[in-house]
Structure formats: C-alpha cells, structure tokens
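sequence-free structure coming up:
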C-alpha cells in the first residue's frame, strides 16, 4: 500500500501539490565563480556520486569551452579557452 | 536534536523532514514567441536568490507532432559590475524556435519566509514544516515542482544521451510536463577539413515532447557549413555529467 504524505491545492477540484510517487529534489549546495587557465576543484563531500542516481547537478552556462567533470565527492571545472563565469547547483534526489 | 515532522513515501524517500528542503515555485509566467533567429527570455529580478532554477514547457503547443525546446540560463556580471540573469526559451515550430513557453522559477524552500507565504488567500492555511534552524523545509502555500522523472548522462564528444526517457501516465500529463530549462542549447562545435576548405558542424541538445506517442526525451539539432569560428581544426564539447528532470508545477 502506498504511504507518505499527499497535499492538495485549495482549488476546486483540488490538484495534488505533493504526492507519494513524486521524486523529491533537495538542495544540497551551489558554487559560482570564474574559471580560467587553471582548473577549479571543488570538494562537494557528503558522498557525492553522480552515477548513483541519488544526486543531480546543474551546470550553467552551456559553453563548448566549459567542462564540469564529476567524480566521487568532487567537481572539476575547467575552461579550454578564455575565462568563463560558471554556476553549479548540486542537489539530491531520492534522499 | 531533531524535532518536527517527517514524511517518507512508499519508496522510502524523504518527502518532507526537518533537515532537507525541496524546491518550490517563486514565480511563473510566459515567455512570448519570437521571430526567427532570436530566442526570447525572461529577466530574472535582482532580488531573486543566486541558486534559483527554471523549468519550462511549450505554451499552447501543436500536439500533432514532436515539439522541441531550446532553453538555457545566462548569468553574467558585465564589465560595469552589473549582473544580468536571463532564462532564454522558445519551442520549435516546424524548423524555427519561435513558439512561446510557460515557465516557473523555483527556489529552495528555506528562502521563503513567513512574510512571503502569508500573502496567500486564505492566509496561513495548510502545513508549514520548519527545519532545525527555523527556515522552511516545506510549505503547502507555495506550488511545488513535483519531479516525476530525472536522469543523468555523461556528455562527451560522441554521446549526448539522445532518446526518450519519460513516459507520463496520460497525454494530459505530457501537456503539463515541465523540464529543467537550464541547458538545452548548443553543446558541441567542430571545425574540420583541409586548410583551403574549413568547415564546421555544431550540435545542440534540446528537449522534446512527442505528443502523438506520449513520450518525453532529449534529442539533437545539428547545423554546419563554412565560415567556421576557428582557423584550425578543433572539437569543443561541454563535457561532463548533467542531470535532466521533468515534473509538474502545482
């Protein structure tokens, strides 16, 4: 039997605002800066493992000269040309 | 000491508790359709938090075929020190990205406060769950981004993860499906060919709603020709693991 919390809106008819089948996206950390010739290594910690399916990462901007590589507990941000202002949001799924 | 309220779903995942915080909706709107060769945008107010995210879906799409979405986020501090944040988006009608989009800007729940949520009518109904530090973990007074599916893919020169990866319960659900709209745009650029005849190819990663088949996925758009950006042969790729998400805004 499904269990958990359901929340409906105050509309008529009501709509589900939170359902037991939803996957929750939970903020974990965000990082911003400018990367140039030298890569920036960020320790995310917390068991960050993007391949597990329990973590998410959002990288801004989309730029062919920007690489953001995830490894266990770490993000490595590098630019192949110039300097690039970046922002990375890390969040958890299925916590 | 932990205190408060916890809810877990039937998969054992946290829905609400005293330490985590979900993403809830700060603002919604429509980005108008554009002329060919331009992508319209919504300007993000300076008062909005640094780590907001944007989700979007085609506005009033033609559901007789596949509709694709170009959507990306720009966050730049100019030489004058002024920060400009814009969420660009248009859906592709035929071959041109000229269609309007519905969007929602989501922020982590702890950044809502009582003065924000008390503006509802009726005021202060429902459930507010606070974290141990006194900030909100969840409030019923703000719409949520209800994630229905998520995936990650490691983007490389040879793989962008194209394909369908979400099948909603019904066609109506697909119409209501928003996608994380932060980085669907050109991700790869290649220059090749002999010195006297340099050519380029470019590829964009975009979201696609296949209304006839009732599926959502990721696909690519390619272009190419002469007048390359670089003199020498090169291949540049926005590499690394990336997450895509879809869900409802309710």
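Looks like it arrived, so ask away. A quick note: this is a predicted structure, and the numbers were derived from the prediction, not measured.

please make it C-alpha for all contacts and neighbour counts, starting now.
Fine.

wait, residue B:219 touches residue B:165, no?
No: the pair residue B:219 and residue B:165 fails to qualify as a contact (C-alpha atoms under 8 Å) at a distance of 10.9 Å.

which parts of chain B are helices?
Under the criterion DSSP state H, chain B carries helices at the ranges B:114-117, B:171-175.

the longest one close to chain A?
No: if you take C-alpha under 8 Å from any C-alpha of the partner chain as the test, helix B:171-175 misses chain A, and the best it gets is 12.6 Å.

go through that helix and flag the buried ones.
Counting neighbours by 16 or more other C-alpha atoms under 10 Å in any protein chain shown, one finds that the buried residues in helix B:171-175 are B:171, B:174, B:175.

and the helices of chain B, which one is worst for confidence?
Per-stretch mean pLDDT for the helices of chain B is lowest at helix B:114-117 (a mean of 57).

chain B versus the most far-flung residue of chain A relative to its centre, what's the distance?
For chain A, the largest distance from the centre (C-alpha atoms, centre = their mean) belongs to residue A:12, which lies 34.4 Å off. Between residue A:12 and chain B the distance, using C-alpha to the nearest C-alpha, to the nearest Å, works out to 13 Å.

got phi/psi on that residue?
Backbone dihedrals for residue A:12, given as degrees, to the nearest 10, come out at phi -130, psi 110.

where in chain B is pLDDT low?
Low-confidence segments of chain B (pLDDT under 70): B:1-3, B:114-125.

who's residue B:191 bridged to?
Partner residues in beta bridges with residue B:191: residue B:200, residue B:234, with DSSP bridges as the criterion.

isn't it up against residue B:198?
Yes: here residue B:191 lies in contact with residue B:198, judged by C-alpha under 8 Å, at a distance of 6.7 Å.

list residues touching both of those two?
Common neighbours of residue B:191 and residue B:198 are listed as B:228, B:233 (criterion: C-alpha atoms under 8 Å, 6 or more residues apart in numbering or on different chains).

so those two - more neighbours on which side?
Between residue B:191 and residue B:198, residue B:191 has the larger neighbour count (other C-alpha atoms under 10 Å in any protein chain shown), namely 22 against 18.

and that one, how far is that from chain A?
In this structure, residue B:191 and chain A are separated by 13 Å, where distance is defined by C-alpha to the nearest C-alpha.

rewinding a little: between residue B:219 and residue B:165, who's got more neighbours?
Higher neighbour count among residue B:219 and residue B:165: residue B:219, with 18 against 14, using other C-alpha under 10 Å.

now for the more buried one: which residues touch it?
Going by C-alpha under 8 Å, 6+ apart, residue B:219 touches B:161, B:162, B:163, B:205, B:206, B:207, B:208.

how about residue B:130?
B:4, B:18, B:136, B:137, B:138.

at 6 Å what do you get?
Neighbouring residues of residue B:130 by C-alpha atoms under 6 Å, 6 or more residues apart in numbering or on different chains: B:136, B:137.

got a list of what residue B:249 touches?
Contact analysis of residue B:249 by C-alpha under 6 Å, 6+ apart lists B:144, B:145.

one more time with 10 Å
If you count contacts by C-alpha atoms under 10 Å, 6 or more residues apart in numbering or on different chains, residue B:249 has them with A:16-17, B:24-25, B:28, B:55-56, B:103-104, B:106, B:143-147, B:176-178.

from the residues you listed, which ones fall inside strands?
Counted as lying in strands by DSSP state E, out of the contacts of residue B:249, are A:16-17, B:24-25, B:28, B:55-56, B:103-104, B:106, B:145-147, B:178.

could you single out the nearest of those residues to residue A:44?
Ranking the ones in strands among the contacts of residue B:249 by separation from residue A:44, with C-alpha to C-alpha as the measure, puts residue B:106 on top at 22.2 Å.

roughly how far apart are the closest residue to the closest one other than its chain neighbours and chain A?
Using C-alpha to C-alpha, 6 or more residues apart in numbering or on different chains and skipping the chain neighbours, the partner closest in space to residue B:106 is residue B:25 (4.4 Å). Note on residue B:25: its distance to chain A, by C-alpha to the nearest C-alpha, is 11 Å.

repeat that for residue B:211.
Remark: distance between residue B:211 and chain A (C-alpha to the nearest C-alpha) = 22 Å.
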